[in-house]
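Chemist: this one's structure only:
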C-alpha cells in the first residue's frame, strides 16, 4: 500500500499535535504511594499510570488481600517496570516516556484510551477494557503501544524472584 504525500503530512501533523498536547499537561488524581528515590526513570505521574496498568496486566499474578492487590507487590511491579525501562537505550526511554505522557494527558487520554478518570481512580475493569481495545486495534500504533507496555510490565514483574514461585520457576542455577 502506498501512502500519498498529503496523507503522510496529515498523519505526521496529527502525531506531532498529539505529542505536543501530551507535553502540555498531565492528569491529576491521588498519587501512587512509594519512595520517589527508588526510581531511575519514572516520575510520580508515570508511576501511578504504571500501577494501574500493572494491576490489569498482572491480574491473578499479583497477591490479593481482601479483594485488593497487596500494595507492596504493586510497588514491586512498578519498580520492576522502572528497572526494565532504565536498561534501554536513551532514545527508547524517551519514546516510551512520550507514550506514557500521551496516556496521562487529560486532553488526549479519554479519546485514545476511553479512560475518563485519573489512572489512580480507574477501575481494573476500565483499564483492562482499554488494554484490550489497544491489543486488538486495527491501528498499528495502538497495538505497538500495547506490546511495549505489556512486555515491560511482564519483564518488570517476572524478572523478580518474588514472582518465580507462583510460576514454578526455581530460579537461576546456583554455581558452585
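Modeler: Noted; the coordinates are in hand. Remember, predicted model here, so these are calculated numbers, not experimental data.
Chemist: separation between residue 142 and residue 87?
Modeler: The gap separating residue 142 from residue 87 is 25 Å, by CB to CB, to the nearest Å. Glycine gets a C-beta too; all of them are placed from N, C-alpha and C.
Chemist: higher neighbour count, the two?
Modeler: residue 142 (17 against 11; other CB atoms under 10 Å).
Chemist: that one reaches residue 134, doesn't it?
Modeler: Yes - the pair residue 142 / residue 134 is scored as a contact, 4.3 Å apart, by CB atoms under 8 Å.
Chemist: where do the strands sit along this structure?
Modeler: 64-65, 68-69 (DSSP state E).
Chemist: now the ones you listed as JSON lines including mean neighbour count and distance to residue 115?
Modeler: Supplementary listing: the strands of the chain in JSON lines, determined by neighbours: other CB atoms under 10 Å; distance: least, CB to CB, whole Å:
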{"stretch": "strand 64-65", "mean neighbour count": "10", "distance to residue 115": "22"}
{"stretch": "strand 68-69", "mean neighbour count": "14", "distance to residue 115": "18"}
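Chemist: nearest to residue 46, of those?
Modeler: Of all these, strand 68-69 sits nearest to residue 46, with 18.5 Å by CB to CB.
Chemist: sheet partners, orientation included, of the closest one?
Modeler: Partner strands and pairing direction for strand 68-69 (DSSP bridges) are strand 64-65 (antiparallel).
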